[in-house]
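> Let's see this in three dimensions:
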Amino acid sequence: MSVSQKIQDDTKAVLEKALHHLQEVLRGVRTGRATSALVDNIKVDYYGSMTPLNQMAAISTPEPRQILIKPFDASSLTEITKAIQKSDLGITPQSDGKVLRLNMPPLSGEQRTKYAHKVKEMAEEGRIAMRNGRRDMNKHADSELKAGKLTEDEHRKLHDKVQELLKEYEKKLDQVLEKKITEIQQV
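You can find the predicted model right below:
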C-alpha cells in the first residue's frame, strides 16, 4: 500500500469516527418521541461502581411517549430512580415497585428551540473534530514529503483528496444534523 493510500485510509477512518461519535451523542438528545437511547447511558451507582442503565435493566418504549425500565435486580430500583432524577432529562420516574415508567411530556416550543440549538452545537464540535483530523493528516503528508516518501505532485494530490474527504463527511454530518432537528421539531 502506498503512503498516499495509507494517509487517505487513515483520514477516512478519522472522519468516520467523528461522524459516528456525533450520531451516538445525538441519540441521547430528547425529541418529541420516547426512545430508549435517552436513558441507555445514564450511569447508576450499582454497588459502588457507575454502571450504564442499559446494562442493569430492560428498557422499552411501550407507547410513543413512555419509556419502561425493568431492572434485572429489583433492589437497584431506588438507585436507578436517583440516577434518572440527577440526569438532565427533567422527567420524574414513576415506580410500582417492579418497574419504572417515564412519561414524557410534550416538548414546548421553547424546549424544541433549546434542543435544536444544543444539537447544532454538538454538530459544530463534530465539524471541529473532522477539521482537526484533516489538519493532522495534512501534517502527516507534509512529513512524508520531507522524508522523501512523496513527490510534490503526490503531496498536492493527497492534500486535495483529504479536502475532498472532509467535504464528503461534512455533507454526511449536515444530513445527520438536519434529520435530528426535524425529529425535534415534530409535534
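
> For L26, pull up the helix or strand it's in.
helix 3-27 (DSSP states H and E).

> and the worst-scoring helix or strand of the chain on mean pLDDT, which residues are buried?
Ranked by mean pLDDT, DSSP states H and E, the helix or strand of the chain with the weakest confidence is helix 37-40, at a mean of 79. Residues of helix 37-40 classed as buried: 37-39 (neighbour count, 16 or more other C-beta atoms under 10 Å). Every residue, glycine included, has its C-beta placed from N, CA and C.

> Give me the residues contacting stretch 67-75.
Stretch 67-75 is contacted from outside by 34-36, 38-39, 53, 56-62, 77, 80, 93, 97-102, 104, using C-beta atoms under 8 Å, 6 or more residues apart in numbering.

> Could you pull up the mean pLDDT of that stretch?
When pLDDT is averaged along stretch 67-75, the result is 88.

> end to end, how far does that stretch reach?
From its first residue to its last, stretch 67-75 covers 20 Å (C-alpha to C-alpha, to the nearest Å).

> Pull the distance from that stretch to the chain's centre.
25 Å (C-alpha atoms, centre = their mean, to the nearest Å).

> now do stretch 168-181
Distance, stretch centre to chain centre, for stretch 168-181: 12 Å (C-alpha atoms, centre = their mean).

> cool, stretch 98-111 as well?
With C-alpha atoms, centre = their mean as the basis, stretch 98-111 stands 21 Å off its chain's centre.

> if we can go back for a sec, can you tell me which helices and strands the least confident helix or strand of the chain packs against?
Counting contacts by 3 or more C-beta pairs under 8 Å, 6 or more residues apart in numbering; DSSP states H and E, helix 37-40 packs against strand 66-71.
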